[in-house]
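Student: Curious how this folds, go ahead:
(chains A and B)
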Amino acid sequence: MPSMAGIQPLRRSRAFWVFSDTWVLIQRSLLHIKEDPEQLLSLSLQPIMFVVLFRYVFGGAINTGGVSYANFLMAGIFVQTAAFGSTTTGVGIATDLQQGIVDRFRSLPIVQTSVLTGHVAADLIRSLLALVVMVATGLLVGFRPSAGPLAWLACIGLLLLLTFALSWVSAIVGLMGRSIEFVQQASFIWLFPFTFASSAFVPTQSMPGWLRTFAENQPITHYVDAVRNLLLGKPVGNHGWLAVIWGIGILVCAIPIASYQFRHRSAR
Amino acid sequence: MSSSDAAIVATSITKSFKQVEVLKGIDLEAARGTVLALLGPNGAGKTTMVRILATLLKPDGGRALVDGYDVVQDAEKVRSLIGLTGQYAAVDELLTGMANLTMIGRLYRLCTRDARRRATDLLEVFDLTTAADRVVKTYSGGMRRRLDLAASLIANPPILFLDEPTTGLDPHSRNAMWEIIRQLVREGTTLLLTTQYLEEADQLADQIAVIDTGTVVAKGSPDDLKRRLGGERFDIVTSGPAAFARAARLLGARALQSDPDTWTLSLRADEGFQKLYETLGELQQADIEIGGFSLHRPTLDDVFLRLTQRAAGDDQKGNE
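Tutor: Presented below is the predicted three-dimensional model:
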């Protein structure tokens, strides 16, 4: 066997390892993006189809008051992209479980949750890339935002907070230890009612009373309205801070659950 | 053996999954720098035991120390001392061989430069240099296993757990794996390996613990166990009932067993071939006609027949 002469594990504080281990596993996820560009493509292709579908097929029949439908729609598309971007964490973790590499990670002297954080961070990067593509698509179909740089920054912050929070929820689904196909379906299915029964694609005023009550009080609508108002230069109202509170609330619940699951996960 | 010499000590380990008792009080001990083999059929509890020692599962009862550290209380310390290679190659399919090893090296807390140096060296040893920059998806089964073992060795852990390291490998890859394992042991690594193959345990282990349905049914060195099993057996099939009767008179006292239905006499075969020649010579001189003969090595089935009075094949495929 080759010599270990002069090679010693480093000695650093625990705080250092939290960052170091997480960074090593983020790098792993970045390599995944590079080796598997189809994932990024499908993440962008789907919302592009939604843009075309809503802008040109349904859009003409939707009354958005004084705002052009293109301007109305894009906030919804951005939030949808950010939300759907969270699902690769669950799929990635389910794949890790199936490949047995979770066993290896759990047998290493590392900060255990860094395995999850690595996946979540990759989701953020993918979401950001997909959002760039969506802004370009929007501009092509007549989206004319009137936001300044600060408002744009606030939008990006909100959208990434959404991906971040939902990625941890996706991690919980991924850690249930079911098949990759199950995780793929399950991560999306629960997002559908939240994205469609919201103000993402149509004004909530057109919905029947019970649905409207749900739509106007669920987190996705707060995100959509906050982003839309920021982009169109309108007052954000309560939506901004409600969106932030929802995001933080989801994180406070999801991170401990996912971490617990990971520590106690006994993969086959 | 005092426990300070022991790299692995497990005492009365129990574990159940959903009311099924998988481990029913396992005691194990492996001295530093030796190989302990857990031998047993599927479902015996071997993998569960390894997972407990590797800190992946908590035992329900009992205590396990790895290099003196408790696998539950000092799990993180234990993790820095062990390498684990499971039944399925636990490597990242989407990364290259090089990237896999560097990543694991850095997670074992080597600096980037050292991790890369170790990765390069190990890829060389495991004959993977030309595949270093290919993604693991394109590797063959044998290559994945080698990469997986290389990953376990990247920080040169003093204690290594190998869970069925050769199951599913072709004979060539299996021999290569055995050679690597012997090399590691020569260099002082303590090794715990699980296997379904008596031959593998025989080739590699200093001590064998035979495990069946969650209990250790026998312990000892390979020679001890083989002595208890009676070692190799030489079957002589005579040409008919008359020949059998005469052969039985001639050799009866030496026969391990004789079977009049198949006209077969079984003799011990572990006393050297000279003895067998002499026996055949005696039969020839007595003009006893022989229909055929065969040599039997004890198989895992024999081990279980002797130790548990039932065939390993009857074992229910349980939760491992």
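Student: So what's the residue count around the nearest residue to A:I26 once chain neighbours are set aside?
Tutor: Once flanking residues are discounted, A:I26 sits nearest to A:A121: 4.5 Å by C-beta to C-beta, 6 or more residues apart in numbering or on different chains. The way it works is simple: take the backbone N, C-alpha and C, and place the C-beta from them, glycine included. Neighbour count of A:A121, defined by other C-beta atoms under 10 Å in any protein chain shown: 21.
Student: which residues of chain A score low on pLDDT?
Tutor: Where chain A drops to pLDDT under 70, the residues are A:5, A:266-268.
Student: What parts of it come near chain B?
Tutor: By C-beta under 8 Å from any C-beta of the partner chain, the residues of chain A that approach chain B are A:1-4, A:7, A:9-10, A:12, A:17, A:20-21, A:24-25, A:27-28, A:31-32, A:35-36, A:99-101, A:103-110, A:266.
Student: coming back round to it: can I assume the residue nearest to A:I26 sits in a helix?
Tutor: Yes - counting by DSSP: H, G, I helix; E, B strand; the rest coil, A:A121 is located in a helix.
Student: ok, it to chain B distance?
Tutor: According to C-beta to the nearest C-beta, to the nearest Å, A:A121 stands 15 Å off from chain B.
Student: got a list of what that residue touches?
Tutor: A:A121 is in contact with A:22, A:26, A:29, counting by C-beta atoms under 8 Å, 6 or more residues apart in numbering or on different chains.
Student: ok, and the most crowded of the residues you listed?
Tutor: A:S29 (23 neighbours).
Student: of all of the stretch 51-200 of chain B, which residue lies closest to chain A?
Tutor: B:D121 (3.4 Å; C-beta to the nearest C-beta).
Student: just checking, that residue touches A:M4?
Tutor: No - using C-beta atoms under 8 Å, B:D121 is not in contact with A:M4, being 9.3 Å away.
Student: Compare neighbour counts for these two and give me the winner.
Tutor: Each of B:D121 and A:M4 has its neighbours counted (other C-beta under 10 Å); B:D121 has more, 20 against 17.
Student: residues near residue 103, how many?
Tutor: Going with chain A. For A:D103, using other C-beta under 10 Å, the count is 25.
Student: meant chain B actually
Tutor: B:M103: 23 neighbours (other C-beta under 10 Å).
Student: At which residues are the strands of chain B located?
Tutor: B:6-17, B:20-31, B:35-39, B:61-66, B:69-70, B:82-85, B:159-163, B:190-195, B:207-212, B:215-220, B:233-238, B:257-259, B:264-268, B:290-296 (DSSP state E).
Student: now for those strands, which one comes closest to A:A154?
Tutor: A:A154 lies closest to strand B:82-85 among those, at 46.4 Å (C-beta to C-beta).
Student: what residues does the stretch 151-300 of chain B put near chain A?
Tutor: Counting by C-beta under 8 Å from any C-beta, the stretch 151-300 of chain B sits next to chain A at B:151, B:153, B:155-156, B:183-184, B:187.
Student: residues of the helix or strand where A:E181 lies that come out buried?
Tutor: Using DSSP states H and E, the element containing A:E181 is helix A:180-189. Buried residues in helix A:180-189, counted by 16 or more other C-beta atoms under 10 Å in any protein chain shown: A:180, A:183-184, A:186-188.
Student: host element of the residue in the stretch 1-150 of chain A that chain B sits nearest to?
Tutor: As assessed by C-beta to the nearest C-beta, chain B sits closest to A:P2 within the stretch 1-150 of chain A, at 3.4 Å. Under the criterion of DSSP H and E, A:P2 resides outside all helices and strands.
Student: I figured it was touching B:F126, is that so?
Tutor: No - using C-beta under 8 Å, A:P2 is not in contact with B:F126, being 10.4 Å away.
Student: Between the two, which is the more surrounded one?
Tutor: B:F126 (22 against 15).
Student: Just give the closest residue to that one, not the sequence neighbours.
Tutor: B:R146 (4.3 Å).
Student: how about the one you found, what does it touch?
Tutor: B:126-128, B:173, B:176-177.
Student: Okay, and which of those map to helices?
Tutor: B:173, B:176-177 (DSSP state H).
Student: Which of these ranks first by neighbour count?
Tutor: These, ranked by neighbours (other C-beta under 10 Å): first place B:M177, 22 neighbours.
Student: wait, that one sits on B:T166?
Tutor: Yes - the pair B:M177 / B:T166 is scored as a contact, 5.3 Å apart, by C-beta under 8 Å.
Student: what residues are up against A:D123?
Tutor: For A:D123, the contacting residues are A:85-86, A:88-89, A:163-164, A:167, A:170, by C-beta under 8 Å, 6+ apart.
Student: what about the stretch 51-200 of chain B, any weak spots by pLDDT?
Tutor: B:89.
Student: need the contacts of A:D123 in a markdown table with secondary structure and neighbour count, can you?
Tutor: Listed next are these as a markdown table, based on DSSP: H, G, I helix; E, B strand; the rest coil; neighbours: other C-beta atoms under 10 Å in any protein chain shown:
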| residue | secondary structure | neighbour count |
| --- | --- | --- |
| A:G85 | coil | 30 |
| A:S86 | coil | 26 |
| A:T88 | helix | 29 |
| A:T89 | helix | 34 |
| A:T163 | helix | 28 |
| A:F164 | helix | 22 |
| A:S167 | helix | 30 |
| A:S170 | helix | 32 |
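Student: biggest separation within these, which pair?
Tutor: Maximum distance among the contacts of A:D123 (C-beta to C-beta): 13.0 Å, for A:T88 and A:F164.
Student: before we move on, the earlier item: nearest to B:S239 among the ones in helices among the contacts of B:R146?
Tutor: Of the ones in helices among the contacts of B:R146, the one sitting nearest to B:S239 (C-beta to C-beta) turns out to be B:S173, at 43.5 Å.
Student: how close does that closest one sit to B:R233?
Tutor: 30 Å (C-beta to C-beta, to the nearest Å).
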